[in-house]
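> build the 3D model from these lines:
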Amino acid sequence: MTAKVTIDQEICKGCGLCVPACPRHIVALEADRVNSVGYHTAAVTDLAQCIACGSCARMCPDSAITVERD
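Numbering: from 1, shown residues only. This is a model prediction of the structure:
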């Protein structure tokens, strides 16, 4: 199974709710990148470890995260 995680960087407001929701601990806020509004956005640090559970997407209050399984 291959996972595809898409995070809309312009919608993400960097709330961080997705970070502790990930059971694999592979979601983090990017310290060196901000979006056009000035928020540090979320990113998947190791996509190969993603199990496509969708926990990060369910926790996102702005629906900025999409998880797909192949």
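
> and the longest strand belonging to the chain, what does it pack onto?
In the chain, with assignment by DSSP state E, the single longest strand is strand 27-34. If you count contacts as 3 or more CB pairs under 8 Å, 6 or more residues apart in numbering; DSSP states H and E, strand 27-34 packs onto helix 18-21, strand 40-44. Using the backbone N, CA and C atoms, a C-beta is placed for each residue, glycine as well.

> what's the most buried one of the ones you listed?
With neighbours defined as mean count of other CB atoms under 10 Å, the helices and strands packed on strand 27-34 peak in mean count at strand 40-44, which reaches a mean of 20.

> residues contacting that strand, please?
5, 7, 9, 12, 14, 16, 18-19, 26-31, 33-35, 50, 56, 64-65 (CB atoms under 8 Å, 6 or more residues apart in numbering).

> report the buried residues of the helix or strand just after it.
Using DSSP states H and E, the next helix or strand after strand 40-44 towards the C-terminus is helix 55-59. Across helix 55-59, burial judged by 16 or more other CB atoms under 10 Å covers 55-57, 59.

> can you tell me which of the helices and strands packed on strand 27-34 is nearest to residue 1?
Evaluated over these, closeness to residue 1 peaks at strand 40-44, with 15.3 Å, by CB to CB.
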